[in-house]
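K.L.:
sequence? don't have it. structure:
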């Protein structure tokens, strides 16, 4: 399998947030550019030259908001006691190397091709990875209280695949574990800008061999989780996933009604 192109595009969007958008900053991903490796110049040029374009601005909004929300939930989770941080479909997520997580075991799960590109970029940037375990997608996690971040992945899986993974996590993780994932909303729940973004971006992803394969309403996502012992804690939209002050802006960044986040806890 080749390295995921969508992983590079999402990381470029996070990196470009610091270069193109003004204050307030929703996410300070100062390592994202390094993770792009030799492709940084190419991928960031689009945002530098066309930063006001609705699709590029939309990509930045989606990626920084989902990461900011998940990282805030992780910080609260870790504060409550011993824990493990699991990045499911880790892509080029830089959070293990940015966040202060002393003593927290970290597991990145992804396809070997994507992991290889990421590890090369981390090494080239001199970033220490000694506290991180890189694991294949078929890893069976041992039971432990864990926070699972599953960002930018669910839309590329079928509904059955999503439910199987949720069931697998419930069967292996310790009670009290938490899960955060983002999911594209069905067309009737999107606004016009969200539907326009979905039409254009999903076509590009499909042409690159990564088609969007599922959408979830918050109600359907909650019902699916409940079937496997998860209790929903929050289901914010892009607008409500971060403090309202983050949208008091003079740049092109706007919250699309395109996707939602779901945060759930595994019941005892």
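P.N.:
Good, I have the coordinates. All values reported here derive from a predicted model rather than from experimental measurement. Residues are numbered from 1 along each chain as shown.
K.L.:
could you verify that residue 148 is part of a helix?
P.N.:
No - assessed with DSSP: H, G, I helix; E, B strand; the rest coil, residue 148 is strand; it does not lie in a helix.
K.L.:
burial of it, as a residue count?
P.N.:
25 (other C-beta atoms under 10 Å). Placement of C-beta: from N, CA and C, glycine included.
K.L.:
which residues sit in contact with it?
P.N.:
Residues in contact with residue 148 (C-beta atoms under 8 Å, 6 or more residues apart in numbering) are 86, 87, 88, 169, 173, 177, 178, 179, 180.
K.L.:
this structure: helices as residue ranges?
P.N.:
Taking DSSP state H as the test, the helices found in the chain are 5-20, 32-35, 40-50, 54-79, 95-98, 112-124, 159-172, 192-207, 218-226.
K.L.:
just the ones of the contacts of residue 148 in strands?
P.N.:
Of these, the ones assigned to strands by DSSP state E are 86, 87, 88, 178, 179, 180.
K.L.:
wait, residue 32 touches residue 93, no?
P.N.:
No - between residue 32 and residue 93 there is no contact under C-beta atoms under 8 Å: 9.3 Å.
K.L.:
any stretches of the stretch 51-200 of the chain with poor pLDDT?
P.N.:
Applying pLDDT under 70 to the stretch 51-200 of the chain flags no residue at all.
K.L.:
out of the contacts of residue 148, grab the one that's most surrounded.
P.N.:
Using other C-beta under 10 Å as the neighbour criterion, residue 179 leads the contacts of residue 148 with 27 neighbours.
K.L.:
what about that one, distance to residue 263?
P.N.:
Taking C-beta to C-beta, to the nearest Å as the measure, residue 179 falls 7 Å from residue 263.
K.L.:
cool, and residue 223?
P.N.:
Counting by C-beta to C-beta, the gap from residue 223 to residue 263 is 16 Å.
K.L.:
ok, back up a step: out of the helices of the chain, which is the most enclosed?
P.N.:
Using mean count of other C-beta atoms under 10 Å, the stretch among these with the largest mean neighbour count is helix 32-35, at a mean of 24.
K.L.:
that helix packs against which elements?
P.N.:
When contacts are defined as 3 or more C-beta pairs under 8 Å, 6 or more residues apart in numbering; DSSP states H and E, helix 32-35 packs onto helix 5-20, helix 40-50, helix 112-124.
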